[in-house]
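K.L.:
structure for the following, please:
(chains A and B)
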Amino acid sequence: GNSVTQMEGPVTLSEEAFLTINCTYTATGYPSLFWYVQYPGEGLQLLLKATKADDKGSNKGFEATYRKETTSFHLEKGSVQVSDSAVYFCALSDPGTGFQKLVFGTGTRLLVSP
Amino acid sequence: DAGVTQSPTHLIKTRGQQVTLRCSPKSGHDTVSWYQQALGQGPQFIFQYYEEEERQRGNFPDRFSGHQFPNYSSELNVNALLLGDSALYLCASSLVSRSSGNTIYFGEGSWLTVV
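P.N.:
Next comes the predicted model:
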């Protein structure tokens, strides 16, 4: 079945450091890929998405490129801030069922210190 | 524009009891899905409702049931609660589409603790 694998956390960085969170997926067909962010005590917010190969999603300084050849969708940010501290979830949308549902990775906690 | 709203935000139940969680989708959305997020884990798909019918179901027992109303709002019911049902329950809304790229919006969730 479809699945998403994320790097284990926590990822601990100093402010202004470069961030990479790895995400790879297994899917039949051509899924859409998403990054969601969860701040402490809150629900999930969509951070960015990409719907086809070589698409780059971007938002709030975060970027991720849909790489079909490596089945990856790694999240990057050039300079993190303390306010970026949260849990980040990579997810794919199963395209084959006619109704959209998400398959999530286990999440990666990011801790940014001043 | 109201987003996805859920109630209650927190609740505590005893093993064996039943619980009902409620969700109102984002304005204009017609599809509601429910996810269970255990502590330290990613959300797991429970089921999805469209046109008041269950359209997809994840790997959850029949103790988990749901309903969608004509105004698109939804309920999640869990019977015979187990300690392992303690989790954050997330409601998600979207517009029905055979495209996989539509954005799915999530509510803040309902924290259920079973003691």
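K.L.:
what helix or strand is the spatially most central residue of chain B on?
P.N.:
Nearest to the mean C-alpha position of chain B, counting by C-alpha atoms, centre = their mean, stands residue B:34 at 2.7 Å. According to DSSP states H and E, residue B:34 maps onto strand B:31-37.
K.L.:
quick one: is stretch A:13-31 near chain B?
P.N.:
Yes - residues of stretch A:13-31 contacting chain B under C-beta under 8 Å from any C-beta of the partner chain: A:30, A:31. C-betas here are computed from N, CA, C, even on glycine.
K.L.:
what does chain A have sitting close to chain B?
P.N.:
Residues of chain A lying near chain B (C-beta under 8 Å from any C-beta): A:4, A:30-32, A:36, A:42-46, A:49, A:51, A:89, A:91, A:93-95, A:97-107.
K.L.:
PyMOL command for the buried members of those residues?
P.N.:
Remark: buried members of those, expressed as a PyMOL selection using 16 or more other C-beta atoms under 10 Å in any protein chain shown:
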select buried, chain A and resi 4+31+32+36+43+44+46+49+51+89+91+93+94+95+99+100+101+102+103+104+105+106+107
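K.L.:
phi, psi of residue B:84?
P.N.:
Main-chain dihedrals, residue B:84, degrees, to the nearest 10: phi -70, psi -10.
K.L.:
any figure for the gap between it and residue B:15?
P.N.:
Residue B:84 sits 10 Å away from residue B:15, taking C-beta to C-beta, to the nearest Å as the criterion.
K.L.:
shared neighbours, the two?
P.N.:
residue B:114 (C-beta atoms under 8 Å, 6 or more residues apart in numbering or on different chains).
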